[in-house]
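Peer 1: my questions concern the predicted model and sequence given below.
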Amino acid sequence: MDFEGARVAGLDFSGPREWIHTNAQGMLISDWYAPTMAQNRLLGWAQVGYDKRLLDARLKARLWATVKRLILVATSTLLIAILISLMLSWSLSRPIKALAQAARAIASGHLDYRTELSGRNDELGHLAREINEMAKQLKALDEMKQSFLESVTHDLRAPLTSIIGHVSIFLENQLGELD
């Protein structure tokens, strides 16, 4: 039998079914029905009916509320990801800029310059320690060069002064008094 009492042969008893129809008041109704079985025998039918338009409106309202929540969560997640990436970028670029500044200072002759990053326990700290060591060795080499130049200058000055003195005496004796 169907919902209006007519006999239906070969009705599917496998599970709930929906039947959409218009009732006497002109409302679009969504009836859900399912067989009630016991020991493979049909005992009856369970039926629930809803105003389809009202049900659809409520579903759309809930769906829209869910979409709004998803948009809020996605936007919040995106903003948090941007903030984290900016902070990470800043924390990585700041020490690299400091190392570049150290390299520029040493290259321009400030061999006493030391970077403060040498206390870090990561790759940038290792690089900072190497830059500081390089500056220290360059300073030592520069001091050795300066000492060598002073020594050579002194060693050359004494004989040159002697030669100039001898040439001056020689020229005085050869040419007479020099004016």
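Peer 2: Yes, it's here. Residues are numbered from 1 along each chain as shown.
Peer 1: low-confidence ranges, this protein, go.
Peer 2: 1-14, 175-179 (pLDDT under 70).
Peer 1: residue 33 sits in which helix or strand?
Peer 2: Under the criterion of DSSP states H and E, residue 33 resides in strand 28-38.
Peer 1: what's the answer for residue 162, then?
Peer 2: According to DSSP H and E, residue 162 maps onto helix 123-175.
Peer 1: looking just at contacts, which helices and strands does that helix meet?
Peer 2: When contacts are defined as 3 or more C-beta pairs under 8 Å, 6 or more residues apart in numbering; DSSP states H and E, helix 123-175 packs onto helix 52-107. For glycine as for every other residue, the C-beta is placed from the backbone atoms N, C-alpha and C.
Peer 1: quick one on the thing from earlier: mind listing what the strand holding residue 33 pairs with, with the direction of each?
Peer 2: Sheet pairing of strand 28-38 (DSSP bridges) gives strand 17-22 (antiparallel), strand 41-51 (antiparallel).
Peer 1: residues touching the shortest one, excluding its own?
Peer 2: In this structure, residues lying in contact with strand 17-22 by C-beta atoms under 8 Å, 6 or more residues apart in numbering are 3, 28, 29, 30, 31, 32, 33, 34, 52.
Peer 1: on that earlier part again, of all the strands paired with strand 28-38, which lies closest to residue 73?
Peer 2: Closest approach to residue 73 among those (C-beta to C-beta): strand 41-51, 30.5 Å.
Peer 1: just give me the residue closest to the centre of the chain.
Peer 2: residue 85 (3.4 Å; C-alpha atoms, centre = their mean).
Peer 1: ok, that one to residue 93 distance?
Peer 2: 12 Å (C-beta to C-beta, to the nearest Å).
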